[in-house]
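Undergrad: predicted structure and sequence below. I'll ask about it afterward.
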Amino acid sequence: SMETDCNPVEMPNNTGFEEDSDYRDFEGTDVKDMRLEAEAVVNDVLFAVSNMFVSKTLPCAEDVAYINVETRERNRYCLELTEAGLRVVAYDFDQTDDRLQTPYHETVYSLLDSLSPAYREVFGNALLQRLEALKKESQS
């Protein structure tokens, strides 16, 4: 009789959980978008900075993700990524400082360009090399 006692209790629980996880997946579609966007941003410029990764401690929401970046100058920033663009929200990893009124940048390139001369140099050189390679290809 213990068995039959348990079953009715488990049933609603299970269905509750199912709905819950479905709902979370549904919610999750957008959340992943900003996170995916953030991952793409990181992959794009990682070679020109010392360290960069999507924050695991600050919450991702459908409209915001946070990216930690350490420039080659060894300065640390936490960046907020939203539809409006990217901006510095703290001068350390995994932090947000509401008092910071930093400007939004449309692209991670312009943001890093303003923060890190070393980024500018490395990124610029990479672009030049790419252009050289393209020139060679078109000549051959």
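TA: Yep, that arrived.

Undergrad: for this structure, what spans make up the strands?
TA: Listed in chain order, the strands of the chain (DSSP state E) span residues 51-54, 65-70, 76-82, 85-90.

Undergrad: for the first one, packing partners?
TA: Just to be clear, that refers to strand 51-54. Applying 3 or more C-beta pairs under 8 Å, 6 or more residues apart in numbering; DSSP states H and E, one finds that strand 51-54 contacts helix 2-45, strand 65-70. Glycine gets a C-beta too; all of them are placed from N, C-alpha and C.

Undergrad: okay if I get the strands of the chain as CSV plus mean pLDDT and distance to D98?
TA: As requested, the strands of the chain are arranged in CSV below (pLDDT from 0 to 100; distance: least, C-beta to C-beta, whole Å):
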stretch, mean pLDDT, distance to D98
strand 51-54, 98, 21
strand 65-70, 98, 14
strand 76-82, 97, 11
strand 85-90, 98, 8
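
Undergrad: most neighbours per residue, which of those strands?
TA: Scoring the strands of the chain by mean neighbour count under mean count of other C-beta atoms under 10 Å gives strand 65-70 as the most buried, with a mean of 24.

Undergrad: give the pairing partners of it; include direction for each.
TA: According to DSSP bridges, the neighbouring strands of strand 65-70, each with its direction, are strand 51-54 (antiparallel), strand 76-82 (antiparallel).

Undergrad: distance of the residue most central in space within the chain from L134?
TA: Residue closest to the mean C-alpha point of the chain, counted by C-alpha atoms, centre = their mean, is A38 at 2.6 Å. Using C-beta to C-beta, to the nearest Å, one gets 29 Å for the distance from A38 to L134.

Undergrad: lowest average pLDDT across the helices and strands packed on strand 51-54?
TA: Mean pLDDT per stretch puts helix 2-45 lowest among those, at a mean of 61.
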